[in-house]
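> Generate coordinates for the sequence data below:
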Amino acid sequence: MKKKAEVVFIPSPGVGHLVSTLEFAKLLVNRDDRLQITVLVIKFSPTSDTDAYTDPIASERLRVINLPEPHIVPSTSDRGSTTATLLESQKPHVREAVSNLTATGGGSLAAFVVDMFCTTMIEVAREFRVPSLVFFTSGAALLGLMLHLHTLKERDSTAELQDELAIPCFANPVPSNTLPSVVLRKEWEQFFMRYGRGLKEANGFIVNSFEELESHAVHSFSDPALSLGLPLYPVGPILNPEPKMDKGTADDILKWLDDQPPSSVVFLCFGSRGAFDEEQVTEIARALEDSGARFLWSLRKPPPNGTMAEPPSDYPLPELAAVLPEGFLDRTAGIGRVIGWAPQAQVLAHPATGGFVSHCGWNSILESIYFGVPIATWPLFAEQQTNAFQLVRELKMAVEIALDYRVEMDEGRNFLLTADRIERGIRSVLDKDGEIRKKVKEMSEKSRKTLLEGGCSYTHLTRLIDYIMEQV
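Numbering: from 1, shown residues only. A predicted model of the protein is given here:
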């Protein structure tokens, strides 16, 4: 009888990380029938909308368990400390769920796969005497950067950052103003040191990327000084499925795209937390109008100042007209649409979409590459500035609108991006004969082949499964 391996997945609270975790879990069970996976879902609050994503996927070898809901009041200003408190409070529930799994005697418990923000759960894995792998939902270059900067900080906590840094996982010097805020801001130092220590507790790293895209970064991990001698498994691209959305709205948007010429529309979309103040909205509107380009603009209403508990929402129609320059909607009615939340993957997959003005979240980057749509970079927060630098300078696969634009919750944006700069980016990203479009199309082909037999991600996934089965 074939031996079976039970793997416990612990994604971060929140839909963003949960969706790619579920997609990866499906990839594993579809690939090898010796694997059984249990996903332990932690919710921020009883109202967290995760059920819609987990209900349809359960099967005999892929189970989803919702852990008991917490009694924690989320901090509106410090999501890091709220998450840490939440995870700590869930450890007894994780222990109980895993004990129940081992007692039922399905497969032998082989490993924990913990999200990049759930490394505190490695302590629980050790109690069960199994290894832990970190599922890193960004790229290999960012993982290498975080490990390297953590090591530097451990050696000398008072060292000031230079204007440019030599980082082993980047071929080019990285400007400090494109580093993640968590590295730059004093008040995040404690969080960053705890985060880096957590990563280094792992037995290996699973990365949602692929070697053909990040060859320099992946190969830099062969140096034990950077990788700590831990294995790296780049098994992506693991793409999000179609986002949950009102079907009527999605159909309406896709129908409008059906009427546009191939590769003619610029799509502006800034992720689930991307929103702008009125002054910046005016500059975007001017840029679009001056460019004359066909456009689909996902414009979201920012939450009240200084709050992060609430994501942006959609503008009611009367408010939408008021936030845009007078007459803008009438003047551009023939060539553009301003919408709320967008079905991003379907829009990028549509043949009419020719360019993508993006915040450079990693999932968005993977989707744009997969569908062969070049990006114009406009990062907002978290690690997006580093991703934008990597795309433009390192990989030469994107057009630069900005690399160092940054929105801090307590301070707002660091500068105003002017209409002429945005317009230049729009014109450039729609260039049908551009070198960047050619490169993105080539990488699109590679992103589709890498998970097929013979591809790099297929090979790394085989290595990962072999490692898991060795633990049984």
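
> Please count neighbours and contacts with C-alpha atoms only from this point.
OK.

> In the strand or helix carrying Ile468, which residues are buried?
According to DSSP states H and E, Ile468 maps onto helix 456-470. Buried residues in helix 456-470, counted by 16 or more other CA atoms under 10 Å: 456-462, 464-465, 468-469.

> Now those in a markdown table, please, with extra columns for distance to Glu408.
Listed next are the buried residues of helix 456-470 as a markdown table, based on distance: CA to CA, whole Å:
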| residue | distance to Glu408 |
| --- | --- |
| Cys456 | 38 |
| Ser457 | 36 |
| Tyr458 | 39 |
| Thr459 | 40 |
| His460 | 37 |
| Leu461 | 37 |
| Thr462 | 41 |
| Leu464 | 38 |
| Ile465 | 40 |
| Ile468 | 40 |
| Met469 | 44 |
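
> CA atoms only: put the helix holding Ile468 into PDB for me.
The C-alpha trace of helix 456-470 is given here as PDB (Å, rounded to 0.1, in the frame of the first residue of the first chain):
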ATOM      1  CA  CYS A 456      11.700  24.600 -14.200                       C
ATOM      2  CA  SER A 457       8.700  24.900 -11.900                       C
ATOM      3  CA  TYR A 458       7.600  21.400 -12.700                       C
ATOM      4  CA  THR A 459      11.100  20.100 -11.700                       C
ATOM      5  CA  HIS A 460      11.200  22.200  -8.500                       C
ATOM      6  CA  LEU A 461       7.700  20.900  -7.600                       C
ATOM      7  CA  THR A 462       9.000  17.300  -8.000                       C
ATOM      8  CA  ARG A 463      11.900  18.200  -5.700                       C
ATOM      9  CA  LEU A 464       9.500  19.600  -3.100                       C
ATOM     10  CA  ILE A 465       7.200  16.500  -3.200                       C
ATOM     11  CA  ASP A 466      10.300  14.200  -2.900                       C
ATOM     12  CA  TYR A 467      11.300  16.200   0.200                       C
ATOM     13  CA  ILE A 468       7.800  16.000   1.800                       C
ATOM     14  CA  MET A 469       7.700  12.200   1.100                       C
ATOM     15  CA  GLU A 470      11.100  11.700   2.700                       C
END
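
> For it, name the packing helices and strands.
When contacts are defined as 3 or more CA pairs under 8 Å, 6 or more residues apart in numbering; DSSP states H and E, helix 456-470 packs onto strand 108-115, strand 232-234.

> Other residues contacting it?
Here helix 456-470 makes contact (CA atoms under 8 Å, 6 or more residues apart in numbering) with 5, 32, 110-111, 210-212, 233-236, 450-453.

> Tabulate the buried residues of helix 456-470 (JSON lines), appending pLDDT and distance to Arg129.
Listed next are the buried residues of helix 456-470 as JSON lines, based on pLDDT from 0 to 100; distance: CA to CA, whole Å:
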{"residue": "Cys456", "pLDDT": "98", "distance to Arg129": "31"}
{"residue": "Ser457", "pLDDT": "98", "distance to Arg129": "28"}
{"residue": "Tyr458", "pLDDT": "98", "distance to Arg129": "28"}
{"residue": "Thr459", "pLDDT": "98", "distance to Arg129": "27"}
{"residue": "His460", "pLDDT": "98", "distance to Arg129": "24"}
{"residue": "Leu461", "pLDDT": "98", "distance to Arg129": "23"}
{"residue": "Thr462", "pLDDT": "98", "distance to Arg129": "23"}
{"residue": "Leu464", "pLDDT": "98", "distance to Arg129": "18"}
{"residue": "Ile465", "pLDDT": "98", "distance to Arg129": "18"}
{"residue": "Ile468", "pLDDT": "98", "distance to Arg129": "13"}
{"residue": "Met469", "pLDDT": "97", "distance to Arg129": "15"}
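
> Now the terminal residues of stretch 317-337, how far apart.
Distance between the two ends of stretch 317-337: 13 Å, counting by CA to CA, to the nearest Å.

> Over to stretch 420-439?
26 Å.

> Then stretch 327-334?
Terminal residues of stretch 327-334 lie 13 Å apart, using CA to CA.

> Tell me the buried residues in that stretch?
Those would be 329, 332, for stretch 327-334 by 16+ other CA under 10 Å.
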